[in-house]
Structures are given as C-alpha cells and as structure tokens.
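**Q** Compute the structure for the input listed below.
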Amino acid sequence: MRTFINLLPYMNRVDDAVELLNVWKGGIEISMDGPNWLEPLDWDRELKRYRGHTGPLTVHAPIWELNLASARFPEIRQYSLDIYKQSLEWSARMGAEHVVIHPSLYSTPLFLRRESQQYAMENLAKLGAEAKKLGIEVAVENIGLRSFVLFDEEEFVNLFEQIPTIKALVDVGHAHINGWDVPALIRKLGTKLCAVHLHDNDGIDDLHLPVEMGTIQWQPVWDALNSLEHDCRAILEYREETPVELVLAHAQKITNKLEAQTAK
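**A** All right, here's what the predicted structure looks like:
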C-alpha cells in the first residue's frame, strides 16, 4: 500500500503547495476545487505545476455545483458529466492513476432518491467507459452524511458489482459519521477498492482532522487494509491549513505502520 497526500490544506493558496512538493516524494492527490480552479482555467499551466513531482499522482475532480444524480434537472446532469469528462482527460495527460468522483452533490437533499441513484449509475457507467479508453481509474467516493447519503453501505458495495468499469474509494471519515462498519466494508470490496481517504472526526461533523485526533478506532482499519492482497492507495485528506510539518509526520507514521503490518 502506498501513501498519498491530498492537497486540501492548500486549497485556498495552491502556490504554497511547493513547500510540500519540494520535500515529499510520495504520492499526491490534486484537488480541483478552490480559487485556483475558477474559470477560465489555464489547464497547461496546471499541468506544468505538478509535472515536476516525481511521485505518483491522483486527482480529486471538482465537487461544488456539480451533480451527476440530479433527478429534476437534466441540464445539470449533462453539464456535470461534461466537466467530469474534461477532468478525466486532463488527469490522463497528467499521468494520474485515478480520478475521484462524487456520484452526487453531497449537500443536496434527496427528494427522489431512487431516480437519483439511477441517474448517478448511468453517468458513472459513462465515465467508467471513458476512463477505460484513457487508461485511468474512476474512483467513486462514499459521500453524503445521514439523510444526504445517495448509496447506503450495502448499495455502495453493490455499485461496483453492477458497474465493473469503476473502482471504490472509501472515505473513512464519511463512513464513520454514517455508522458504517469500515473494516468490514474494506474486506467486502476487496479488489474493487482502489483507495481510502484517511482523516478523523467526532462522529458528528466532517472535520477532516488528522488521524487519531477524533473518535475513529483505527487499529481495525489498519488490520483490514493489511488484509488486502492488491495495490491500494492510502490518501491523507486533512482539512485546509493543516501545517505541512504535521501532514508530513503523519504520512511517514502511516507509511511505517502499514509497511510494518504488511511485513508481519
């Protein structure tokens, strides 16, 4: 298992990410949200920003204002699909291993849940087919808290049986708030799981705290990840303005922990 750092701490000051890129040779996950990603975007400039990084790359596609599952407005669904296709193309040019996709806008009330699920699945299948052509993975994240969850735990697992061209990304923090059994989920997904987002919270709010600074029981999570027999990405997704020193220390700690468990 390889360790990645999501650039969420630099969302509002992406130029400062150079302090991390200069010292961290592991994986990074680029967040395509924040002031730097406002239109019109200079795609070529962004390509150059990260091309010098020698470690592996992944990309988190935009979240805000996009909804693949909009049951009421087909124009929003189509626009969101188009933006995600552009994100896939750019990420493939970057040489990214996967692109994280939210199947819906996680703060949108689910007035028509079954219809929203169906539209999300149709669009995820389209993105999976496009990604296969580009040689990149679509990593679908479990998103939404409580009544805003588009797919519950069982439905989330089944999603990847129904759409074989997509992979699962388990966000441990989101799953914890929703009361999901994260270790069991990891084991059920098996080879369908390509990555995990690691951060902590109090079981109530999506705080994106550093690991072991909330109420998640982490040892069972490490044990479940250690049981996997395929390559998987462990991605630290810490909140905005988390100090680089803390992020680096945790990245190394988690890398050592997973390597130590794998060696047992």
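
**Q** Could you use CA atoms for every contact and neighbour count after this?
**A** Noted.

**Q** Alpha carbons of stretch 61-70, in PDB - could you do that?
**A** Backbone C-alpha positions of stretch 61-70 (Å, rounded to 0.1, in the frame of the first residue of the first chain) are rendered in PDB as follows:
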ATOM      1  CA  ALA A  61     -12.400  16.100  -9.500                       C
ATOM      2  CA  PRO A  62     -14.500  19.200  -8.700                       C
ATOM      3  CA  ILE A  63     -17.300  18.900  -6.100                       C
ATOM      4  CA  TRP A  64     -19.200  22.100  -5.800                       C
ATOM      5  CA  GLU A  65     -22.100  22.900  -8.100                       C
ATOM      6  CA  LEU A  66     -21.800  19.500  -9.900                       C
ATOM      7  CA  ASN A  67     -24.400  16.700  -9.500                       C
ATOM      8  CA  LEU A  68     -24.400  13.600 -11.700                       C
ATOM      9  CA  ALA A  69     -27.600  12.500  -9.900                       C
ATOM     10  CA  SER A  70     -29.800  15.500 -10.300                       C
END
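
**Q** Numbering from 255 from now on, please.
**A** That works, and once the first residue is 255, the last one we named lands at stretch 315-324.

**Q** tell me which residues in stretch 454-469 are buried?
**A** 454-457, 460-465, 468 (16 or more other Cα atoms under 10 Å).

**Q** In CSV, list those residues along with pLDDT and distance to residue 308.
**A** Formatted as CSV, the buried residues of stretch 454-469 follow (pLDDT from 0 to 100; distance: Cα to Cα, whole Å):
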residue, pLDDT, distance to residue 308
454, 98, 28
455, 98, 32
456, 98, 35
457, 97, 36
460, 97, 31
461, 98, 30
462, 98, 27
463, 98, 27
464, 97, 25
465, 97, 26
468, 98, 32
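
**Q** Which members of the residues you listed are positioned in strands?
**A** Nothing among the buried residues of stretch 454-469 maps onto strands, per DSSP state E.

**Q** Would you mind checking which of these is nearest to residue 260?
**A** Among the buried residues of stretch 454-469, residue 462 lies closest to residue 260 (Cα to Cα), at 11.4 Å.

**Q** Tabulate the buried residues of stretch 454-469 (JSON lines), appending distance to residue 428.
**A** Shown next, in JSON lines, are the buried residues of stretch 454-469 (distance: Cα to Cα, whole Å):
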{"residue": "454", "distance to residue 428": "9"}
{"residue": "455", "distance to residue 428": "9"}
{"residue": "456", "distance to residue 428": "11"}
{"residue": "457", "distance to residue 428": "9"}
{"residue": "460", "distance to residue 428": "7"}
{"residue": "461", "distance to residue 428": "10"}
{"residue": "462", "distance to residue 428": "9"}
{"residue": "463", "distance to residue 428": "12"}
{"residue": "464", "distance to residue 428": "14"}
{"residue": "465", "distance to residue 428": "13"}
{"residue": "468", "distance to residue 428": "13"}
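
**Q** Out of the residues you listed, flag the one nearest to residue 320.
**A** residue 460 (19.5 Å).

**Q** ok, now which ones touch that closest one?
**A** 427-428, 431 (Cα atoms under 8 Å, 6 or more residues apart in numbering).

**Q** Checking the most centrally placed residue in the chain next. Helix, strand or coil?
**A** The residue lying closest to the centre of the chain (Cα atoms, centre = their mean) is residue 354, at 4.5 Å. Recorded secondary structure, residue 354: strand (DSSP: H, G, I helix; E, B strand; the rest coil).
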